Structure formats: structure tokens, C-alpha cells
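Participant: okay, predicted coordinates and the sequence, questions at the end:
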Amino acid sequence: MITAAAQEPAQEPAPEADVLVTSRPLDEYCALFGLTRARLAALPGPLLDCPGGAAGLAAEARALGCRVIAADPAYALPLPEVAARALAARASMAAAMAARPELYPSPPSCRPYRPERYLRSWDRARWLFAEDSAAHPHRYVAAALPRLPFADGAFALTLSGYLLFAYPELFGPECQLAALTELVRVTAADGEVRVQPLHDGRGRRCGHLDRLRYALGERRIASEVRRVPRGDGRTRRVMVLRSADRRPPAAAAGPPAVMVARPFHSYTYRMSETTIRPARPADADRLTALIQASSAYRGAYFAMIDGYTVEPDYIERHEVRMAVDRADDRLLGFYALIHEPAELDLMFVADEAQGRGIGRALIADMLDRARAAGIEAVKVVSHPPAEGFYLQVGARRTGTRPPQPRTPWAQPELVFTV
Ligand SMILES: C[S@@+](CC[C@H](N)C(=O)[O-])C[C@H]1O[C@@H](n2cnc3c(N)ncnc32)[C@H](O)[C@@H]1O
């Protein structure tokens with residue numbers, strides 16, 4: 001059993017042809033956002049890079065033990081096209097740097113600063129991106145601000161570089177506000193969002209930043225403009241956003257299905273009705289995103305979901321049903337019932353939906369469907385921390401599955417009598 005969350009899938013995102021698909025390496029990200037490799041390694045949850053462009057961040061951060069999900073509308077394109085756009089961005093960057101060198105960063109990793117050396121760091125990042133996104137496509141989610149397909153509070157840290165203020169023709173003040181609010185929504189209450197630069201492509205500062213910050217404050221989002229050293233005696237400005245309602249992290253433990261929820265962000269919370277409906281093949285990416293954002297599989301248990309994807313044909317072959325918000329189809333949880341031999345194969349509840357009875361409702365629905373199919377008993381091989389939940393909702397312990405290569409720990413075996 002796994003627990004995670006994802007929000008309503010936006011429409012197929014439309015990549016903006018005029019926006020450069022840049023390919024920065026991890027060290028440049030650290031320099032631009034005022035971060036360190038150690039800070040990334042110590043993150044208590046996944047990092048969202050939105051927009052991800054063709055960055056090497058996800059691939060490189062992985063080696064630090066930091067999970068990165070990159071989101072960008074460009075990922076809706078075939079990979080060779082993204083790579084071609086990234087190459088075109090490199091050429092634009094080379095031309096722009098030659099024209100106005102004072103505007104462009106000289107990250108510590110590229111000193112002494114020589115444009116060729118800097119651009120080579122982009123080449124390496126672009127290759128890492130191409131390799132990583134081909135091998136692990138679930139880490140690269142096609143999505144466009146101001147609407148992201150992730151659950152509330154899914155990320156420990158969210159980075160947004162070279163978009164919201166860099167392209168004011170695409171993101172006017174209203175759209176910036178909506179996008180920043182969305183970035184905070186998908187970030188944990190005890191996490192933060194960092195955004196840079198706060199100027200456009202010609203170096204002109206955003207003239208309405210104070211008004212924007214006021215409007216964020218009205219949405220209970222605290223903002224700070226922090227000065228980050230550039231390493232050349234000057235500083236760059238990074239905006240840091242946090243939910244003003246942040247509280248201490250929720251107490252740990254307990255089975256995932258009833259795990260204490262992260263506090264809802266007050267500005268996105270509204271009462272809503274839940275309905276359970278069949279998943280469609282087109283929902284596969286949302287289900288994968290929910291799994292990958294799961295906080296129930298952090299730490300040692302992460303190996304179990306690392307690289308795991310729900311494919312459209314899996315949804316066609318099995319009974320996969322989703323709990324969604326009736327108003328906007330936001331994904332709250334799902335299960336997959338294999339009929340022959342009968343087994344509950346997947347069971348996830350979104351972090352944001354914990355404690356609302358979604359897990360119980362999914363189990364009741366699963367038993368109804370099993371009954372309708374003439375199934376008499378449904379087996380469950382449980383994620384160890386979820387055993388208590390299954391016992392609470394009527395399953396009976398029948399045994400223990402010995403450690404396996406992918407799950408090198410014993411797993412409780414249970415059965416539901418239908
Ligand atoms: C200049 S790149 C920045 C990439 C990376 N963050 C960096 O700092 O290098 C801008 C990216 O924004 C993406 N983009 C364009 N419109 C977007 C939107 N509405 N939401 C999210 N990303 C968008 C583009 O596809 C492009 O990859």
C-alpha cells in the first residue's frame with residue numbers, strides 16, 4: 001500500500017515556443033537559489049523544480065539522495081524536440097552573454113568565468129537531462145503554471161527559476177499571483193518556495209513586487225526578498241515564500257491511511273464532496289504522480305516505489321478506481337483490484353486527504369466491486385506501517401511474506417472476506 005496525492009490534471013499544457021528551455025546544472029541552481037548540496041541532501045521530502053526546463057538538477061540531485069520532480073509544459077513534447085529546444089536555448093544564451101555579459105551569472109563552479117566553460121556546464125546538464133528523462137519519465141511531469149497536478153503540501157522545497165518574472169509578457173501580475181499561490185499550495189506547510197530572478201530578461205526589476213507581496217499576504221502567504229551572494233561581491237534577489245499558517249510538522253506514525261494530515265492551507269481549503277469513479281487510461285500519469293509524491297514511502301521504504309509507474313494498459317486490465325473531489329475531479333486516492341487471483345494490488349490515499357475517511361471509503365468500494373464480480377476473498381500484501389489500517393477496516397492477518405529483492409523486509413499478508 002502506498003499513500004500520496006495529486007490534483008486535477010490540467011489540460012494538455014501548451015509549451016510556449018518563445019520561452020527558452022534552459023539546461024542549468026545543479027551547482028548553478030544552488031548558486032542562483034542560495035542553496036547548498038548539503039541542504040538538498042537533508043531535505044525531508046521531494047523537491048519540485050517548476051519549470052524544470054532541460055536542467056540536470058533532477059538527475060544530479062538524485063545522487064545526493066534528494067528526490068526531484070520537474071514540471072514543465074515542454075515535457076508534453078517528444079524528447080528529441082525538447083532537446084532541440086534546449087540546444088536552441090544554448091545558442092540564444094551564448095549570443096546574449098556575448099552582447100551583455102554583466103547580466104549573466106558566473107557560478108562558483110565556472111570560475112574563472114569564461115563563457116565557453118559556462119556553456120559547457122549547460123551541455124553536460126542537457127545530456128544528463130536527456131538521459132534521466134528517458135530513463136525515468138515519471139520524474140518529468142508535463143504541467144503548466146498556474147495549475148499544477150500535485151497535491152497540497154507534496155514538496156518539501158519548490159524552486160521556480162527564470163519564468164514568472166523573466167517573462168512578464170506571459171505572466172502578468174494576476175497570473176504571477178496565481179502561479180505563486182499554486183507553488184505554495186503544492187509545498188509543505190513547513191517547507192518553502194524560492195523564486196528567482198525578480199527581474200525580466202533585460203534586467204528590469206519587477207515594478208509591482210510590493211503589491212504582489214501584499215496580495216500574497218492577503219492569501220496568508222508570507223514572503224521575504226532575500227539577498228543571496230553572487231560570489232563577486234554583489235548579491236542577487238531571491239523571493240522566499242511560506243504558508244503563514246505553518247505549524248510544527250505533524251506527529252509521525254500510524255498507518256498511512258489514517259496518518260495525521262499536513263495542515264490544509266487555509267486559502268485552498270474548501271469543503272467538498274468525494275466520489276469514487278473508475279480510472280481511465282488517461283489518468284495513469286496522475287496515479288503515478290500520486291505514488292511518487294507519497295510521504296508514506298520516504299526513507300528506506302522509498303525503494304519500493306522508486307521508478308514505479310501506473311501504465312494506461314494496467315488501468316485497462318484491472319479494476320482501478322479513484323476517489324476524486326466531485327467539484328474539480330482532484331485525485332484524493334485510488335485502489336487497484338486484480339480479479340484473478342483476487343488481490344488488492346495498489347492502495348493510495350493522498351497526503352492532503354488523510355484523516356478524511358478516504359481510505360475506508362475506497363476499501364468499502366473495493367469490497368462492493370469484488371462482491372459484484374463474485375469474488376469471495378481479497379488478498380493484501382501490506383506496506384508494514386499500513387497493517388493497522390487494514391485490520392481496522394476488516395481484514396484478517398493470514399501470514400508474512402518474506403523479504404524480496406525490491407522489498408527487503410517482511411510484509412504482513414492479510415485477507416478480506418467479501
Ligand atoms: C528559461 S527556462 C527555466 C528553466 C529552469 N528553471 C532554469 O532556471 O533554467 C523556462 C521554462 O519555462 C517553461 N514554461 C513555459 N511556460 C510555462 C508555464 N506556464 N508553466 C511552467 N513552465 C513554463 C518553458 O518550457 C521553459 O522550459
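Facilitator: That came through fine.
Participant: residues from the stretch 1-150 of the chain in reach of the ligand?
Facilitator: Applying the criterion C-beta under 6 Å from any ligand atom, the portion of the stretch 1-150 of the chain that neighbours the ligand consists of 15-16, 19-22, 24, 50-51, 53, 55, 72-74, 144-145. Where C-beta positions appear, they are placed from N, C-alpha and C, glycine not excepted.
Participant: next: the stretch 151-300 of the chain.
Facilitator: In this structure, the stretch 151-300 of the chain approaches the ligand at residues 161-163, judged by C-beta under 6 Å from any ligand atom.
Participant: pick out the most distant pair among the residues of the stretch 1-150 of the chain next to the ligand.
Facilitator: Spanning the widest gap among those are 24 and 144, at 19.7 Å by C-beta to C-beta.
Participant: okay, domains of this structure per the record?
Facilitator: Under the assignment automatic domain parsing, the domains of the chain span 26-243, 256-417.
Participant: in terms of mean pLDDT, which of those ranks lowest?
Facilitator: For those, the stretch scoring lowest in mean pLDDT is domain 256-417; its value is a mean of 82.
Participant: stretch 132-140: which residues count as buried?
Facilitator: When burial is assessed from 16 or more other C-beta atoms under 10 Å, stretch 132-140 yields the following buried residues: 132-133, 136-140.
Participant: do stretch 298-308 as well
Facilitator: Neighbour-count burial for stretch 298-308 flags 301, 304-305 (criterion: 16+ other C-beta under 10 Å).
Participant: still on that earlier bit, among the residues of the stretch 151-300 of the chain next to the ligand, which one has the most neighbours?
Facilitator: residue 161 (25 neighbours; other C-beta atoms under 10 Å).
Participant: give me phi/psi at that residue?
Facilitator: Listed backbone geometry of residue 161 is phi -120, psi 140, with angles given as degrees, to the nearest 10.
Participant: what of residue 294?
Facilitator: phi -60, psi 130.
Participant: that one contacts residue 305, correct?
Facilitator: Yes - using C-beta atoms under 8 Å, residue 294 and residue 305 qualify as a contacting pair, with a distance of 6.4 Å.
Participant: and the residue nearest to residue 19 when sequence neighbours are not counted, helix, strand or coil?
Facilitator: The shortest distance from residue 19 to any residue that is not its chain neighbour, by C-beta to C-beta, 6 or more residues apart in numbering, is 5.9 Å, and that residue is residue 167. Assigned by DSSP: H, G, I helix; E, B strand; the rest coil, the conformation of residue 167 is coil.
Participant: wait, what's in contact with the residue nearest to residue 70 when sequence neighbours are not counted?
Facilitator: Leaving aside its sequence neighbours, residue 70 sits nearest to residue 52 (C-beta to C-beta, 6+ apart; 2.7 Å). Under the criterion of C-beta atoms under 8 Å, 6 or more residues apart in numbering, the contact list for residue 52 reads 58, 70-72, 75, 140.
Participant: do you know how far residue 52 is from residue 282?
Facilitator: 22 Å (C-beta to C-beta, to the nearest Å).
Participant: can you tell me which residues contact the residue nearest to residue 19?
Facilitator: For residue 167, the contacting residues are 16, 18-19, 200-201, taking C-beta under 8 Å, 6+ apart as the criterion.
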